[in-house]
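Asker: Quick one: sequence and predicted model below, then my questions.
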Amino acid sequence: MMITAAIVALIAIPLLAIVGFVQVLYLESMRLRTRDLPSLKFFKDTLEDRLGMTTEQGAGVFSLIKHTLLILLAV
C-alpha cells in the first residue's frame, strides 16, 4: 500500500507543477498590463490555441485541476 501511495505521489507532483504553471500563464495572460516574458509569448502564440479554451475557461479549468490534485495528495 505504501509503495502505491509513493508511486501516485511521484506521478502527481510533476503533474501538479505543470498544471500550476499553465494556470499561471492563463492568469498572466488575463492581466491588463502583461509582462513581456518569452514563456508568455510562446503560450499566447502556440499553446493557448492548442489547448482550445478561452482565457477565462482555461484559468478556471486548470485551477480546478490544481486544487483537486492538492486535495488528492493530502488524502
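Answerer: The structure has been received and is ready for your questions.

Asker: Only C-alpha atoms from now on, for both contacts and neighbour counts.
Answerer: Fine.

Asker: Spell out for me which residue occupies the centre of this protein.
Answerer: Nearest residue to the geometric centre of the chain (Cα atoms, centre = their mean): Val19, 2.3 Å.

Asker: Roughly how far does His67 sit from Ile18?
Answerer: Separation of His67 from Ile18 (Cα to Cα, to the nearest Å) stands at 13 Å.

Asker: Read off the pLDDT value for the residue nearest to the centre of the chain.
Answerer: For Val19, the pLDDT comes out at 94.

Asker: Could you do the one 3 residues further on as well?
Answerer: Looking at Val22, its pLDDT reads 93.

Asker: Likewise for the one 5 residues further on?
Answerer: The predicted local confidence for Leu27 comes out at a pLDDT of 90.

Asker: again, but for the one 3 residues further on
Answerer: pLDDT for Met30: 86.

Asker: Grab the nearest non-local neighbour of it.
Answerer: The shortest distance from Met30 to any non-neighbouring residue, by Cα to Cα, 6 or more residues apart in numbering, is to Thr55 (6.9 Å).
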